[in-house]
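Q: coords please:
(one chain, ligands or ions: 1)
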Amino acid sequence: MSEEYISQLFIDGEWRDGDHGESFAVVDPSDFSELARFAIASEGDCLAAVDAADRAFAGWSRTAPRDRSELLRRAFEIMREEREEIAEIIVRENGKSFADALTEVDYANEFFRWFSEEAVRVPGDYRLSPRGDKRIIVTREPIGVALLVTPWNFPAAMATRKLGPALAAGCTAILKPARETPLTAARIVDILNRAGVPKGVVNLVTPVPTGPAVSVMMRQRAVRKLSFTGSTEVGRLLLHEAADSIISSSMELGGNAPLLVLEGADLDSAVAGAVQAKMRNGGSACTAANRFYVHRSLHDEFVELLSGALDEYRVGPGIDRDNALGALVSRGERDKVADLVTRAAAEGAQVVRGGGAREDGAFYEPTVLVDVAHGSEINRTEIFGPVAAVVAFDDVDDAIRMANDTEYGLIAYVFGAEEQAMSVAHRLEAGMVGVNRGVLSDPAAPFGGVKQSGLGREGGSEGILEFMEEKYIGLSI
Ligand code: NAD
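A: Numbers count the residues shown, from 1 in each chain. Got it, this is the predicted structure:
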């Protein structure tokens with residue numbers, strides 16, 4: 001089976017096994033079969049990757065922005081040609097539905113296109129000092145070797161959202177994908193290689209265990225940037241480590257998105273948006289609506305329509321294109337979701353739809369809970385599965401207070417008459433707010449959170465700047 005997949009490390013322009021010749025299993029969560037064995041990177045392999053990226057930096061950072069741009073554009077063209085094959089790899093190792101995987105590939109690829117365009121548009125400044133004694137010149141330079149650590153839920157998009165801006169800025173990179181989904185990461189690195197990325201500019205390592213190897217890489221003087229997407233818990237650990245070497249850190253962390261349906265909202269559009277915000281990627285999205293606050297006048301009808309819409313989701317292996325909801329990434333994730341629902345029910349929530357796990361794969365049914373107490377465990381926890389927990393409210397100020405009552409602040413959604421919804425949007429503590437929309441992600445917009453959901457932004461015109469440092473040059477006149 002594994003000949004179908006690239007399952008090696010990529011260091012200094014070469015695919016190779018790890019120093020110790022060891023490997024780990026990559027598992028298909030829709031039936032728990034072994035898809036491939038992927039090379040384990042030793043500490044020595046990780047250091048070789050840092051060294052290669054360091055040596056490649058001088059050349060790559062001086063490569064003309066237009067050439068870096070065209071390389072990313074070539075990667076975009078290749079990925080567009082191969083979208084279905086890549087989607088299949090994602091389905092196999094991650095479990096999501098084919099439609100979700102294809103949507104991810106197209107979204108992921110837009111980061112190559114967007115940053116091929118951004119590579120040639122880095123802003124600078126030239127102005128007279130207030131005292132009139134000098135010209136203030138502000139220029140931007142690539143920050144150095146970047147360590148990119150990504151999660152399993154969007155194995156393609158989280159990689160391109162970092163590789164695109166890093167390469168556009170002139171940084172060299174080491175990609176460390178999640179252990180669950182290294183095959184997609186390897187395919188993306190392969191695309192960049194085929195697009196002509198010089199040796200050492202992009203490297204791929206998969207150490208097991210992860211923590212010690214990442215720490216060793218972060219202690220190397222050459223590494224100047226950490227771009228991490230994953231849980232708040234691991235992000236916090238890495239920030240502590242980044243402090244030791246004062247490494248610039250961008251953090252895309254966990255979320256606990258509220259979705260508010262205000263009095264007078266158009267119910268059909270609120271339900272359609274709620275389904276998108278909940279079910280995109282099978283609920284395994286940091287942007288997934290987690291807590292539904294619905295005005296009491298609309299609550300019962302909202303719950304009925306939402307449950308009805310979820311009845312349409314056929315559950316099963318994502319490789320069968322008729323299945324709209326695939327598997328969660330692992331047995332462990334499935335059981336975590338199942339346990340959260342069981343404990344929510346014990347705390348007084350009612351399961352009005354779904355509530356069941358399957359044993360043949362990591363499947364969990366689309367589920368709706370009502371009478372969920374604000375502040376209960378399921379309300380405080382990022383569910384990361386197809387479970388909607390609904391809370392009724394009477395007063396909009398109360399709804400805003402409950403929505404903001406969390407340490408997270410990645411994204412929020414609000415449905416209602418435009419003027420009121422906009423005024424609520426301004427009061428929500430989140431880096432991103434969808435007004436009458438259930439999907440927001442767009443490479444052209446700054447993606448990121450406030451509070452414990454992260455630091456920095458990816459995409460937009462901000463994304464490339466995360467991989468650059470300003471340099472001020474004072475010129476006497
Ligand atoms: P995770 O934090 O467990 O793992 C993320 C990455 O960190 C993986 O590559 C993992 O191998 C690595 N890692 C784990 N322990 C480490 C350690 N001690 N030192 C260094 N690296 C370590 O997260 P996950 O379970 O893969 O992904 C789910 C989480 O990611 C959710 O919380 C989700 O909200 C978050 N996420 C956030 C965004 C965003 O943009 N804000 C996007 C996608 C996912």
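
Q: mind giving me the packing neighbours of the strand or helix carrying residue 260?
A: Assessed by DSSP states H and E, residue 260 sits inside strand 257-261. Applying 3 or more C-beta pairs under 8 Å, 6 or more residues apart in numbering; DSSP states H and E, one finds that strand 257-261 contacts helix 267-279, strand 289-295, helix 396-404, strand 411-415. Every residue, glycine included, has its C-beta placed from N, CA and C.

Q: now do the longest one: which elements does it pack against?
A: On a contact count with 3+ C-beta pairs under 8 Å, 6+ apart, helix 267-279 meets strand 257-261, strand 289-295, helix 296-311, strand 411-415.

Q: can you lay out the helices and strands packed on strand 257-261 as a markdown table showing mean neighbour count, mean pLDDT and distance to the ligand?
A: A markdown table is the format used below for those (neighbours: other C-beta atoms under 10 Å; pLDDT from 0 to 100; distance: least, C-beta to the nearest ligand atom, whole Å):
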| stretch | mean neighbour count | mean pLDDT | distance to the ligand |
| --- | --- | --- | --- |
| helix 267-279 | 21 | 98 | 14 |
| strand 289-295 | 26 | 98 | 10 |
| helix 396-404 | 18 | 98 | 17 |
| strand 411-415 | 30 | 98 | 9 |
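
Q: any chance of a markdown table for these, columns distance to residue 33?
A: Output for the helices and strands packed on strand 257-261, formatted as a markdown table (distance: least, C-beta to C-beta, whole Å):
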| stretch | distance to residue 33 |
| --- | --- |
| helix 267-279 | 26 |
| strand 289-295 | 31 |
| helix 396-404 | 42 |
| strand 411-415 | 35 |
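
Q: relative to residue 134, which of the helices and strands packed on helix 267-279 is closest?
A: Closest approach to residue 134 among the helices and strands packed on helix 267-279 is made by strand 411-415 (43.5 Å; C-beta to C-beta).

Q: how far away from the center of its chain is the closest one?
A: 18 Å (C-alpha atoms, centre = their mean, to the nearest Å).

Q: again, but for stretch 438-457
A: Relative to its chain's centre, stretch 438-457 lies at 9 Å (C-alpha atoms, centre = their mean).

Q: flag the shaky bits of this protein, pLDDT-wise.
A: 1-3 (pLDDT under 70).

Q: tell me which residue lies nearest the centroid of it.
A: With distances taken as C-alpha atoms, centre = their mean, residue 158 lies nearest the centre of the chain, 4.7 Å away.

Q: contacts only, for it.
A: Applying C-beta atoms under 8 Å, 6 or more residues apart in numbering to residue 158 gives the contacts 150, 151, 229, 252.

Q: need phi/psi at the nearest residue to it once chain neighbours are set aside.
A: Spatial nearest neighbour of residue 158, chain neighbours left out: residue 150 (4.1 Å); criterion: C-beta to C-beta, 6 or more residues apart in numbering. The phi and psi torsions at residue 150 (degrees, to the nearest 10) take the values phi -120, psi 160.

Q: contacts only, for residue 150.
A: Counting by C-beta under 8 Å, 6+ apart, residue 150 has contacts 158, 159, 162, 175, 176, 177, 178, 185, 229, 230.

Q: relative to the ligand, which of the residues you listed is nearest.
A: Ranked by distance to the ligand (C-beta to the nearest ligand atom), the contacts of residue 150 are led by residue 230 at 2.6 Å.

Q: what about residue 233, which SS state?
A: helix (DSSP: H, G, I helix; E, B strand; the rest coil).

Q: ditto for residue 174
A: State at residue 174, reduced to three classes by three-state DSSP: strand.

Q: quick check: beta-bridge partners of the residue in the stretch 1-150 of the chain that the ligand sits nearest to?
A: Using C-beta to the nearest ligand atom, residue 149 is the residue of the stretch 1-150 of the chain that sits closest to the ligand, at 4.8 Å. On the basis of DSSP bridges, residue 149 is bridged to residue 176, residue 228.
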